[in-house]
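Engineer: can't give you the sequence, but here's the structure:
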Ligand code: SF4
Ligand code: MG
């Protein structure tokens, strides 16, 4: 399958009083039709990564090659054309839907921006989209406040689909919803992916949310990917102590985890003053002396299971 997106050494540094390395050298690829989940606690840089892909904020360094073009080099005008192919779904569907506009106007707007169809065709498409996302086409003249959280997220999805994108960046699209509604929206996203050959980058703070929808999962900590693997490898055979800790805190922890090996200590350090050595060492239950001063190297096995931790650095065969 073709690679649709290739992100290489992406960085975002903010200059406040100190330099804040919000994203510090993130690399990954996305193949057409697949879902990559990106998971981490708040402040790990996952949303900033998503926003850089949309060029909502500019990267400090690195490249974002989408369908052969480096988005970092595009002018605002070229980028606008590209946005047709890359759409975003947000965490809070209510905040992202203008309360004074009808659903019809909200869903139609991206089609107007991208000069798609005439007025009649667009209205017809809005009705079709409402049904595609499991809502009634009769809802077109209603306003956002007349809908539940789950319905509003469906409207947000319809708006994202309006311009027939290829890649969708979903930033915590179900985090604000009740658990029962979460499952429905995730199922919808799954169905839409198959129907329209969509590629997803799915950002979440919880490993359980991305489990069923992802083909591969990346775990971020303090601006870096610390582990990335095929879905089953990651959930059944996690390598990084941080991934293990995140998995042990979900309701059904993976087997054979010792509690003392997975319990996180303390709080997330400030990205403006990250720890030396391994950035995770202040919280790692398996911390060793060298972790405090020496940055671990990335290791990858033949399955594409990638991990950054000293526990695997000494294995010469990289059979991690
Ligand atoms: Fe823990 Fe050391 Fe591995 Fe960092 S390098 S995750 S501190 S064991
Ligand atoms: Mg976020």
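Structural biologist: That came through fine. Computed from a prediction, not measured in an experiment: that's the story for all the values here. Ligands and ions are numbered 1, 2, ... in the order given.
Engineer: spell out which parts of this protein neighbour ligand 1.
Structural biologist: Counting by CB under 6 Å from any ligand atom, the residues of the chain close to ligand 1 are 240-241, 278, 280-281, 284, 286-288, 291, 296, 309-311. The C-beta positions use only the backbone N, C-alpha and C, and glycine is treated the same way.
Engineer: try 8 Å this time
Structural biologist: 226, 240-242, 277-281, 284-288, 290-292, 296, 308-313 (CB under 8 Å from any ligand atom).
Engineer: now the nearest residue to residue 214 once chain neighbours are set aside: phi and psi?
Structural biologist: Distances taken as CB to CB, 6 or more residues apart in numbering put residue 37 closest to residue 214, at 3.6 Å, once the chain neighbours are dropped. Dihedral pair for residue 37: phi -90, psi 140, per degrees, to the nearest 10.
Engineer: any idea how far residue 37 is from ligand 1?
Structural biologist: Separation of residue 37 from ligand 1 (CB to the nearest ligand atom, to the nearest Å): 20 Å.
Engineer: and that residue, what's its pLDDT?
Structural biologist: In the predicted model, residue 37 carries a pLDDT score of 98.
Engineer: and what of residue 27?
Structural biologist: If you check residue 27, the pLDDT there is 97.
Engineer: residues of the helix or strand encompassing it that come out buried?
Structural biologist: Residue 27 is part of strand 19-31 when elements are defined by DSSP states H and E. By neighbour count with 16 or more other CB atoms under 10 Å, strand 19-31 contains the buried residues 20-24, 26-28, 30.
Engineer: and the residue nearest the centre of this structure?
Structural biologist: residue 203 (2.4 Å; CA atoms, centre = their mean).
Engineer: in what helix or strand does residue 131 lie?
Structural biologist: Under the criterion of DSSP H and E, residue 131 resides in helix 119-132.
Engineer: I'd like the average pLDDT over that helix.
Structural biologist: pLDDT averaged over helix 119-132 gives 98.
Engineer: same for that helix, what does it pack against?
Structural biologist: Helix 119-132 makes packing contacts with helix 103-113, helix 149-161 when contacts are defined by 3 or more CB pairs under 8 Å, 6 or more residues apart in numbering; DSSP states H and E.
Engineer: tell me which residues are up against the last one.
Structural biologist: By CB atoms under 8 Å, 6 or more residues apart in numbering, the residues outside helix 149-161 that reach it are 87-90, 93-94, 96-97, 103, 106-107, 109-110, 126, 129-130, 132-135, 144, 147, 168, 173-174, 176-178, 181, 184-185, 188-189, 192, 196.
Engineer: so how do I select the buried members of those in ChimeraX?
Structural biologist: Of the contacts of helix 149-161, the buried ones go into a single ChimeraX selection, burial set by 16+ other CB under 10 Å:
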select :87,88,89,90,93,94,96,97,103,106,107,109,110,126,129,130,132,133,134,135,144,147,168,173,174,176,177,181,184,185,188,189,192
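Engineer: got a list of what the closest residue in space to residue 136 that isn't next to it in sequence touches?
Structural biologist: Distance criterion CB to CB, 6+ apart; nearest residue to residue 136, sequence neighbours excluded, is residue 130 at 6.6 Å. For residue 130, the contact set (CB under 8 Å, 6+ apart) comprises 103, 107, 136-137, 139-140, 158.
Engineer: so which of those residues is the most crowded?
Structural biologist: Scoring those on neighbours with other CB atoms under 10 Å, the highest-scoring entry is residue 107 at 28 neighbours.
Engineer: that one reaches residue 128, doesn't it?
Structural biologist: No - with contact defined as CB atoms under 8 Å, residue 107 does not count as touching residue 128 (10.1 Å).
Engineer: the stretch 101-250 of the chain: strands as residue ranges?
Structural biologist: Using DSSP state E, counting those that start in this stretch, the strands of the stretch 101-250 of the chain run over 167-171, 199-204, 216-221, 224-230.
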